[in-house]
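J.: what's the 3D shape of this:
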Amino acid sequence: MVRSFEGKIVPPDPEDYAEFATSLALSRDGQVMVVGAPRQNVNSNNDQGQVYVFQRQANDAWTQVQILTAPDGAAEDHFGTAVAIANGPDYTIVVGAPDYDEGGNTGIGAAYFFSHNGATWNTGMKLAISDPNESFYNHRGQAVAVAPDGSAIFVGAPGLSVGANTPGGVYALTRVGPNYSQTQTLVGPTGGQAGMGRQLLVNNDNNLLFAAGHYAPSGPIITYGAVHVYTKPVATWVYDERLEPSDGEEFDDFGHSMDISDNEAYLLIGAPQIGDGEAYVFTPSGNTWAEAAILPRPTAFIYGHFGASVSIDGAGETAVIGAWLNGGGGIHYYERSGSTWTRQQTLVTPEERDENLGYSVAISKNADIILGGARYAHAGEAFHPIGAVYTFVPGYRIFLPAVTR
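T.: Below you'll find the model as predicted:
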């Protein structure tokens, strides 16, 4: 039986509509959590955004240890729209600010990295990215990813234009000493508005990259979601294949969220705009990926945007799917038996308000903790949507809310 909720993680400097927990990243060892608040005001800069770092303590309590801001931040940068963290002991943190302005290029975007010195995270540095096609509204940093060992960083720019098309792109950077150097620019399909780079995922070995975008079944109009797969057989990234769902439809937003098990046997992809949303499991099949399952979406719950966020544990045995739209939102928890995935539980909060629980989710490598972001969670009885992260831990084969003071 699920116990009633007893606590939640909120920012130390809450602001209404700062959208704390819009983005969420958990190190695979489950010890460090990174939370983005892209509309947090910083000094006199409205919506500059900032990022919070929490460390896990005994009894599953979390302590807020640091706040990260951009060294050159400005109003409406939306720093914290995307976050990523390398695994320990590296713990490099990457943050995207997709609406950053540079010179006359409005919304060109930027991404920053924060290295860990063993105790704290150093002052952030903006990643140096150069592109002959750079222009306004490239939205660099809409998505970011980091190799688990911190050796490489990837920055998505879904607004990258080439001529009359907007193929989008991904910038690959490799660590050189204390900094990162741009080594490659991956440009999406150029037959139309592919917008590649709106979501990113890299595997443990840093030789498999998934970049969400769009594709056109025919003609120049692109409205179907797709995940573009790159491999790195030697030193450079090479386009490999395009993944799409078996029941895809226009505006399905396939690829809005992605995660992969540590053994690379299960790839989880969300498509929140197919009806009330879908989530798919892909598995390796020879040298390609094949759709293996569509997770059964519960009909008893009204929460829409199922698949807006997804996460899978290291062994590919458990998965969580966020569905934040309508009511307070919820997180659907699944377990795998053989090739069959079964929903075990839906995690909710006791707050009868529009909290958007499931806007972001994360599960640790050994599935001993689940995190759920609720960007409009409230403070007290008054109408103060400051955002929160709810934590859930195992209890008799169900997940119970962990108390955070």
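J.: so who does Glu15 touch?
T.: Counting by CB atoms under 8 Å, 6 or more residues apart in numbering, Glu15 touches 37, 39-41, 386. Any C-beta I mention is one placed from the backbone N, CA and C, and that applies to glycine too.
J.: if we use 7 Å, what do you get?
T.: Applying CB atoms under 7 Å, 6 or more residues apart in numbering to Glu15 gives the contacts 40-41, 386.
J.: and of those, the nearest to Asn203?
T.: Gln40 (31.7 Å; CB to CB).
J.: in this structure, which spans are helices?
T.: Taking DSSP state H, the chain contains no helices at all.
J.: shaky segments in it?
T.: Applying pLDDT under 70 to the chain flags residues 1-7, 190-191, 218-222, 300-302, 352, 381, 395-405.
J.: which one among the contacts of Glu15 gets closest to His305?
T.: Scanning the contacts of Glu15 for proximity to His305, where the rule is CB to CB, the winner is Ile386, at 21.2 Å.
J.: now do the contacts for that closest one.
T.: Contact analysis of Ile386 by CB under 7 Å, 6+ apart lists 10-11, 14-16, 18, 20, 377, 379.
J.: from Gln40, how far off is it?
T.: Separation of Ile386 from Gln40 (CB to CB, to the nearest Å): 10 Å.
J.: same deal with Gly255?
T.: 27 Å.
J.: before we move on, what about Gly286?
T.: For Gly286 relative to Gln40 (CB to CB), the value is 47 Å.
J.: likewise Ile9?
T.: Noted for Ile9: a distance of 15 Å to Gln40, by CB to CB.
J.: Trp237 now?
T.: Per CB to CB, Trp237 is found 34 Å from Gln40.
J.: more neighbours, the two?
T.: Just comparing Trp237 and Gln40: by other CB atoms under 10 Å the higher neighbour count belongs to Gln40, 29 against 20.
J.: can I assume that one is in contact with Gln50?
T.: Yes: judged on CB atoms under 7 Å, Gln40 makes contact with Gln50 at a distance of 4.8 Å.
J.: which residue is the nearest non-sequential neighbour of Ser311?
T.: Ile363 (4.4 Å; CB to CB, 6 or more residues apart in numbering).
J.: tell me which residues form a beta bridge with that neighbour?
T.: The partner list for Ile363 in beta bridges (DSSP bridges) reads Ile370.
J.: quick one: residues contacting it.
T.: Here Ile363 is in contact with 311-313, 318, 320, 370 (criterion: CB under 7 Å, 6+ apart).
J.: mind doing that once more with 10 Å?
T.: Neighbour list for Ile363: 26, 28, 30, 259, 310-314, 318-320, 331, 333, 369-372, 392, 399 [criterion: CB atoms under 10 Å, 6 or more residues apart in numbering].
J.: mind listing the shared neighbours of Gln40 and Gln50?
T.: Contact criterion CB under 10 Å, 6+ apart; residues bridging Gln40 and Gln50 by contacting each: 11, 13, 18, 20, 67, 69, 79-80.
J.: relative to Thr120, which of those residues is nearest.
T.: Ile67 (11.3 Å).
J.: my read: that closest one touches Gln40, true?
T.: Yes: between Ile67 and Gln40 there is a contact at 9.2 Å, judged by CB atoms under 10 Å.
J.: between the two, what contacts are shared?
T.: Counting by CB under 10 Å, 6+ apart, the shared contacts of Ile67 and Gln40 are 11, 13, 50-52.
J.: quick check: the two most widely separated of those?
T.: Asp13 and Val51 (12.5 Å).
J.: of those two, who's got more company?
T.: Using other CB under 10 Å, the more surrounded residue of Asp13 and Val51 is Val51, with 27 against 15.
J.: so what's the more buried one bridging to?
T.: For Val51, the beta-bridge partners are Gly36, Leu68 (DSSP bridges).
J.: give me every residue that touches it.
T.: By CB under 10 Å, 6+ apart, Val51 lies in contact with 20, 23, 25, 34-38, 40, 66-70, 79-80, 83, 93, 95, 112, 114, 121, 124.
J.: Leu347 contacts His332, correct?
T.: Yes: using CB under 10 Å, Leu347 makes contact with His332 at a distance of 7.8 Å.
J.: follow-up on the earlier one: distance to Gln193 added to the shared contacts of Ile67 and Gln40, as CSV?
T.: Shown next, in CSV, are the shared contacts of Ile67 and Gln40 (distance: CB to CB, whole Å):
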residue, distance to Gln193
Pro11, 36
Asp13, 39
Gln50, 32
Val51, 30
Tyr52, 35
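J.: list just the nearest of these to Thr106.
T.: In terms of CB to CB, no member of those lies closer to Thr106 than Gln50, at 21.5 Å.
J.: report how many residues lie close to the closest residue to Pro167 other than its chain neighbours.
T.: Spatial nearest neighbour of Pro167, excluding adjacent residues (CB to CB, 6+ apart): Gly188 at 3.7 Å. By other CB under 10 Å, the residues close to Gly188 number 30.
J.: and what of Asp131?
T.: Using other CB under 10 Å, Asp131 is surrounded by 17 other residues.
J.: swap in Ala194?
T.: When neighbours are counted by other CB under 10 Å, Ala194 registers 27.
J.: from Thr231, how far off is the nearest residue to it once chain neighbours are set aside?
T.: Counting by CB to CB, 6+ apart, the nearest residue to Ala194 once its immediate chain neighbours are dropped is Gly188, at 3.8 Å. Distance of Gly188 to Thr231, computed by CB to CB: 16 Å.
J.: cool, and Ile85?
T.: 24 Å.
J.: these two - which one has more neighbours?
T.: Set Ile85 next to Thr231 and count neighbours by other CB under 10 Å: Ile85 wins out with 25 against 14.
J.: you'd agree that one is up against Asp149?
T.: No: assessed by CB under 10 Å, Ile85 is found out of contact with Asp149, at 12.0 Å.
J.: report the set of residues contacting both of these two.
T.: Shared contacts of Ile85 and Asp149 (CB under 10 Å, 6+ apart): Thr92.
J.: which residue is the nearest non-sequential neighbour of Ala308?
T.: Per CB to CB, 6+ apart, closest to Ala308 is Pro272, 4.2 Å.
J.: the one you found: neighbour count?
T.: So Pro272, with other CB under 10 Å, has 27 neighbours.
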